[in-house]
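1. with the sequence up front, the predicted model follows.
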Amino acid sequence: MTEYLLNDLGWSDHFARQCDPEDSDTPARLLEVMRDHVIGLTETGQVSLVTPDSTGLYAVGDWVLHDGTKVSKRLDRQTEIARRAAGPQAARQLIAANVDTLAIVTSCNDDFNVARLERYLAMATQAGCLPLVVLTKADQSDDPESYAKAAARLSPLLTAITLNAKDTEDADRLAPWCGAGQTLALVGSSGVGKTTLQNHLTGITALTQDIREDDAKGRHTTTARALRPTRAGGWLIDTPGMRELALSDAAEGIEAVFADVTDLIPQCRFNDCAHESEPGCAVQAAIADGTLDPGRLERWKKLMREDQFNSESVAEARARFRKLGKMYKGGKARAKAKRGDGLPD
């Protein structure tokens, strides 16, 4: 069994400062999160642990303290990747924790989507991760660098690289982001090569599935998140392909990604400018002189509206659904009264 030093697992002063020197509990980093327990990795090997609260409050990559059988404390995270969970509940779904670099994997074909990349970039920035755009299937494109340039234009914060995920030497170009003590997470649509990259980087063989030729979309291969050691000495988290990425509590990340828009706002004549047709609008002036893409403005507005809606509290969500329910019932009652027939709907 492989033995690790805490630093090999990604331990840092950030976590050490949260530990009481007199505490006898042992640190462990979470490899997997199950429904009723978690799997941690210590300096001497793996350990199965029960949690004092819901395992939904833990994420792959978390650091915890434990007594050998039970988690006693979850340490505060350096980075936290999350999205709004599917469904009407106002809940956040944890994706991964303590990730240094978030690799947004897309491909040099119809999967490349600027609006979706902006969403992932906002999520990475809000989480505090370094964003990396990995463009696969470069060997199948006549001009792969055009995709890299289009991605790079989205934010000065990111690095964009093109590669052939099936080529070992190409895949090894990701090694600097998952070297000793570093954690790299892969996110993106199904069928773009995340599992193939994982296989190369970790030496672990997992099943892969081809994309559909008609729409360049893939089938799910990875079904659960797990922290795995890489051949470069670091750690990798591969995530299931996301059909939806709903942002929540990501206003700061959106603002940073759309700095070309938000930097103009203080220059508008009116503080409550909607950036549509108001006189003295610096944003519309930038669109008029060609320095700002109007599509970029609309995508910023859409993400900000969505984030505000998705970031509402559970109580606010329930109140909104109750209000909608009352409006619906009231409308039916008024319609029945207007008919005056008393007949059922």
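-> On my side now, so go ahead.
2. going forward, measure contacts between C-alpha atoms and count neighbours the same way
-> Fine.
3. I would like the residues contacting stretch 148-167, please.
-> With contact meaning C-alpha atoms under 8 Å, 6 or more residues apart in numbering, stretch 148-167 is reached by 114, 117-118, 130-139, 144-145, 170-171, 193, 196-197, 257-258.
4. again, only using 6 Å
-> Identification of contacts with stretch 148-167 by C-alpha atoms under 6 Å, 6 or more residues apart in numbering yields 131-139, 170-171, 197, 257.
5. quick one, phi/psi of the closest residue to Leu6 other than its chain neighbours?
-> Leaving aside its sequence neighbours, Leu6 sits nearest to Glu43 (C-alpha to C-alpha, 6 or more residues apart in numbering; 6.2 Å). The phi/psi pair for Glu43 (degrees, to the nearest 10) reads phi -60, psi -20.
6. neighbours around Pro176, how many?
-> Using other C-alpha atoms under 10 Å, the number of residues around Pro176 comes to 13.
7. circling back to that earlier point, may I ask you to confirm that the residue nearest to Leu6 is in contact with Asp8?
-> No - between Glu43 and Asp8 there is no contact under C-alpha atoms under 6 Å: 8.9 Å.
8. what ranges do the helices span in the stretch 1-150 of the chain?
-> With DSSP state H, counting those that start in this stretch, the ranges of helices along the stretch 1-150 of the chain come out as 13-16, 114-127, 144-152.
9. which positions in the first one come out as buried?
-> Of the residues in helix 13-16, those scored as buried under the neighbour-count criterion (16 or more other C-alpha atoms under 10 Å) are Phe15.
10. same deal with the second one?
-> Buried residues in helix 114-127, defined by neighbour count with 16+ other C-alpha under 10 Å: Arg116, Leu117, Glu118, Arg119, Tyr120, Leu121, Ala122, Met123, Ala124, Thr125, Gln126, Ala127.
11. now Leu184: which helix or strand?
-> Assigned by DSSP states H and E, Leu184 belongs to strand 183-188.
12. low-confidence regions, the stretch 151-300 of the chain specifically.
-> Residue ranges of the stretch 151-300 of the chain with pLDDT under 70: 206-223, 241-244.
13. follow-up on the earlier one: give me the buried subset of the contacts of stretch 148-167.
-> For these, buried by 16+ other C-alpha under 10 Å: Pro131, Leu132, Val133, Val134, Leu135, Thr136, Lys137, Ala138, Ala171, Leu197, Val257.
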